[in-house]
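Novice: here you go, sequence then predicted model.
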Amino acid sequence: MKIVMLGAPGAGKGTQAKQIAAKYGVPHISTGDIFRANLKAGTELGLKAKTYMDQGQLVPDSLTLELIMDRFGNDDCRNGYVLDGFPRTIPQAEALTRALEEKNDKLDYAINVDVPDSNIIDRMSGRRACLKCGGTFHVKYNPTKKEGICDLCGGELVIRDDDKPEIVNKRLVAYHEQTQPLIDYYEKEGILKNVDGTQDVNKVFEDICDILENK
Ligand code: ADP
Ligand code: ADP
Ligand code: ZN
């Protein structure tokens, strides 16, 4: 099962992708997490990516593709994967389609988690992230048992630098300009599925499972 998650920053792609990965036994691949891990490890790639991320801009395609393309060759991707935050531009989507075609393969679903911009600032301002395990929580909608501590690994939670309102607005502009066109791209490929991302986390997941199980 090969799935791409689409949706604005903060729509809940990561939250849902983690649940899909756990239930269907496929790896969750998040380009944002990979960039942040690189930054934490102080790699050149991570430092380059940070300058764009901090300004709410997308990391250039060449850098992103360099990072992600060989990830699909890993052994754990044999039975598929759920991609979260990639592709984010038409050239990235085309590169992915080509790489799959070379192996006589294709994606199964592009799931668009639909949330209007008006909800996004609220979601982002309450988001708390664990840089150790990639866990994501929300002070109001998905609180941890102990404030500031990750439920999954006990790590310390942080407010991401790019979740400040002024940067979130820039990310929304980048989303509408560069990523939203992917909805049409995958519609034309015949694999687009829309879910209402304003619902409760569990209801969104139920809707996604119905899609994946062809109910
Ligand atoms: P969110 O889940 O809130 O949308 P991510 O963690 O996916 O945020 O991404 C954080 C930042 O990392 C983005 O704003 C962008 O700068 C960069 N990034 C992540 N994935 C990509 C990608 N596929 N192409 C370009 N930039 C990316
Ligand atoms: P994305 O990966 O699309 O950027 P996240 O999964 O990180 O989004 O979710 C953004 C924030 O919104 C997080 O704080 C998360 O806990 C919260 N969240 C996710 N899904 C929902 C939902 N259905 N309702 C309310 N809050 C949600
Ligand atoms: Zn954690």
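Specialist: That came in fine, so what should we check first? Numbering: from 1, shown residues only. Ligands and ions are numbered 1, 2, ... in the order given.
Novice: so which residues of this structure form strands?
Specialist: Remark: strands assigned in the chain by DSSP state E are 2-6, 28-30, 81-84, 109-114, 127-130, 136-138, 157-158, 192-196.
Novice: what's the closest of those strands to Y52?
Specialist: In terms of Cβ to Cβ, the element of the strands of the chain nearest to Y52 is strand 28-30, at 16.3 Å. Bear in mind the C-beta positions are built from the backbone N, C-alpha and C, glycine included.
Novice: please state the offset of the closest one from the chain centre?
Specialist: Chain-centre distance of strand 28-30: 7 Å, with Cα atoms, centre = their mean, to the nearest Å.
Novice: tell me the strands beside it, with direction?
Specialist: According to DSSP bridges, strand 28-30 has the following sheet partners: strand 81-84 (parallel).
Novice: who in the chain is up against ligand 2?
Specialist: With the criterion set to Cβ under 6 Å from any ligand atom, the chain comes near ligand 2 through 7, 9-15, 123, 126-127, 136-138, 141-142, 197, 199-201, 204.
Novice: from those residues, list just the buried residues.
Specialist: Buried members of the residues of the chain next to ligand 2, counted by 16 or more other Cβ atoms under 10 Å: 7, 9-15, 123, 126-127, 136-138, 142, 197, 204.
Novice: tell me how far the closest residue to Y24 other than its chain neighbours lies from ligand 3.
Specialist: Among residues not flanking Y24 along the chain, M1 sits closest, at 5.9 Å (Cβ to Cβ, 6 or more residues apart in numbering). According to Cβ to the ion, to the nearest Å, M1 and ligand 3 sit 26 Å apart.
Novice: now do the contacts for M1.
Specialist: Y24, V26, N79, G80, V82, D108, Y109, L212 (Cβ atoms under 8 Å, 6 or more residues apart in numbering).
Novice: if I look at it, how far off is T15?
Specialist: 18 Å (Cβ to Cβ, to the nearest Å).
Novice: ditto for H28
Specialist: Counting by Cβ to Cβ, the gap from H28 to T15 is 11 Å.
Novice: can you tell me how far K103 is from T97?
Specialist: Using Cβ to Cβ, K103 is found at 11 Å from T97.
Novice: of the two, who's got more company?
Specialist: With neighbours defined as other Cβ atoms under 10 Å, K103 and T97 compare such that T97 has more, 17 against 9.
Novice: please name the nearest non-neighbouring residue to L45.
Specialist: Among residues not flanking L45 along the chain, N38 sits closest, at 5.0 Å (Cβ to Cβ, 6+ apart).
Novice: which ones are touching the one you found?
Specialist: Neighbouring residues of N38 by Cβ under 8 Å, 6+ apart: L45, G46, A49, L67.
Novice: which ones among the residues you listed map onto helices?
Specialist: L45, G46, A49, L67 (DSSP state H).
Novice: quick check: the second one vs ligand 2, distance?
Specialist: With distances taken as Cβ to the nearest ligand atom, to the nearest Å, G46 is found 19 Å from ligand 2.
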